[in-house]
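Undergrad: sequence first, then the predicted structure:
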Amino acid sequence: MLWMRHHGVINVANSILNSIDLDQTVAHLMVTARSDGYTQGCTECTQHVNDALKVDWDNSRSATRGVDTEAAHAAAKTEYNNLRFPVMDLVTAALQSNDFVA
């Protein structure tokens, strides 16, 4: 038990924190969040310009026009929430045995 407390938990945490899958998923989540925020900001800004100047601002050349950034971000969040780590399967299997420390 002492080994598990001082080494095992640290090894499990390091396996998760150093996972390439985690890095890639978090990076993808950050990119989609930034894109969705940019799109929402441009849409809000366009609306303010339209309201303030009483014009119909042409945003047809916007890089995000017609791109569903909200759905892409939602998919990235789902991917993050469903991320599985092989080390956790090993922990679950070990905890189901009679001598889980071994």
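TA: That came through fine. Numbering: from 1, shown residues only.

Undergrad: for the protein, which segments count as helices?
TA: Under the criterion DSSP state H, helices of the chain are mapped to 2-3, 9-17, 20-53, 69-81, 86-95.

Undergrad: any chance of those in TSV, with distance to residue 59 and mean neighbour count too?
TA: C-beta here means a position set from N, CA and C on the backbone, and glycine is covered the same way. Output for the helices of the chain, formatted as TSV (distance: least, Cβ to Cβ, whole Å; neighbours: other Cβ atoms under 10 Å):
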stretch	distance to residue 59	mean neighbour count
helix 2-3	61	8
helix 9-17	41	12
helix 20-53	5	13
helix 69-81	14	14
helix 86-95	45	12
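
Undergrad: mean pLDDT for the ones you listed: which is lowest?
TA: Mean pLDDT per stretch puts helix 2-3 lowest among the helices of the chain, at a mean of 75.

Undergrad: who's in contact with the residue lying farthest from the centre of the chain?
TA: Distance to the chain centre peaks in the chain at residue 54, reaching 38.8 Å (criterion: Cα atoms, centre = their mean). If a contact means Cβ atoms under 8 Å, 6 or more residues apart in numbering, then residue 54 has no contacts.

Undergrad: next one: phi and psi at it?
TA: Here the main-chain torsion angles of residue 54 (degrees, to the nearest 10) amount to phi 50, psi 50.

Undergrad: against residue 22, how distant is the residue nearest in space to the middle of the chain?
TA: By Cα atoms, centre = their mean, the chain has its centre lying nearest to residue 29, at 3.4 Å. Per Cβ to Cβ, to the nearest Å, residue 29 is found 10 Å from residue 22.
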